[in-house]
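1. I'll drop the sequence and a predicted model, then ask my questions.
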Amino acid sequence: MKAILTRRNVLLGAGAATLAGGAWVVTTKAADLLIPFFQKNLPGVTLDLPSTRLAIDDYLSANMTNAQQRIAVAAWRVFGVQAARKFHEKFETLTRNTFSYFLLNSNFFTEASPTARPIVYVRPAPGAACTNPFANLSPP
């Protein structure tokens, strides 16, 4: 009887597993991983999912190359967003800045009660000087 566990079969199996694992990581979008993180940090708040995805894509595409985005998504996918944040300060900063960008460019701070209506991201106008709702543009 011929052995099933041959060197060739092991190498083919390892190659197939690598391809499947790579596809599992590459096909994931950053928004799919960050939205649950946002929801966990905003209990009771309803997020408008399409605009939240747009906010995440806007921030990451403006601040990272495609290669850097793939690395971040791979780390978030493999380790989870919370664990990656603890793993290295760059992941902590990236996650925090993405979350802050979404909140500052949404109706979160202008709603009397953020839990009353969905939080919607509004893309800043091209060339807008400042969209920070806390900016004091006319100091005393």
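-> Arrived safely. What you are looking at is a predicted structure, and each value in this text was computed from that prediction instead of being measured. Residues are numbered from 1 along each chain as shown.

2. When you work out contacts or count neighbours from here on, use the C-alpha atoms and nothing else.
-> Fine.

3. so where's the chain uncertain?
-> For the chain, the stretches flagged by pLDDT under 70 are 1-3, 5-27, 139-140.

4. residue boundaries of the strands in it?
-> Taking DSSP state E, the chain contains no strands at all.

5. and residue 101, what is it in contact with?
-> 55, 59 (CA atoms under 8 Å, 6 or more residues apart in numbering).

6. so how far is residue 58 from it?
-> 9 Å (CA to CA, to the nearest Å).

7. What of residue 79?
-> 24 Å.

8. My read is that residue 47 contacts residue 118, right?
-> Yes - Residue 47 is in contact with residue 118 according to CA atoms under 8 Å; the separation is 5.2 Å.

9. of the two, who's got more company?
-> residue 47 (20 against 15; other CA atoms under 10 Å).

10. mind listing the helices in the protein by residue range?
-> 7-26, 30-41, 49-63, 66-79, 81-87, 89-104 (DSSP state H).

11. Tell me which of those lies nearest to residue 110.
-> Closest approach to residue 110 among the helices of the chain is made by helix 89-104 (9.8 Å; CA to CA).

12. and the closest one with helix 66-79, angle?
-> 100 degrees (axes from the mean of the first three to the mean of the last three CA atoms, to 10 degrees).

13. how far is helix 89-104 from where the chain is centred?
-> Remark: helix 89-104 is offset 9 Å from the chain centroid, using CA atoms, centre = their mean, to the nearest Å.

14. Alpha carbons of it, as CSV, please.
-> Extracted as CSV, the C-alpha positions of helix 89-104 are listed here (Å, rounded to 0.1, in the frame of the first residue of the first chain):
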residue,chain,number,x,y,z
GLU,A,89,1.9,51.9,18.8
LYS,A,90,1.5,52.5,15.0
PHE,A,91,-1.6,50.3,15.0
GLU,A,92,-2.9,52.2,18.1
THR,A,93,-2.3,55.6,16.5
LEU,A,94,-3.9,54.4,13.1
THR,A,95,-7.0,53.1,14.8
ARG,A,96,-7.4,56.1,17.0
ASN,A,97,-6.9,58.6,14.2
THR,A,98,-9.3,56.8,11.9
PHE,A,99,-11.9,56.8,14.7
SER,A,100,-11.3,60.5,15.4
TYR,A,101,-11.5,61.4,11.7
PHE,A,102,-14.9,59.7,11.5
LEU,A,103,-16.3,61.4,14.6
LEU,A,104,-15.0,64.9,13.7
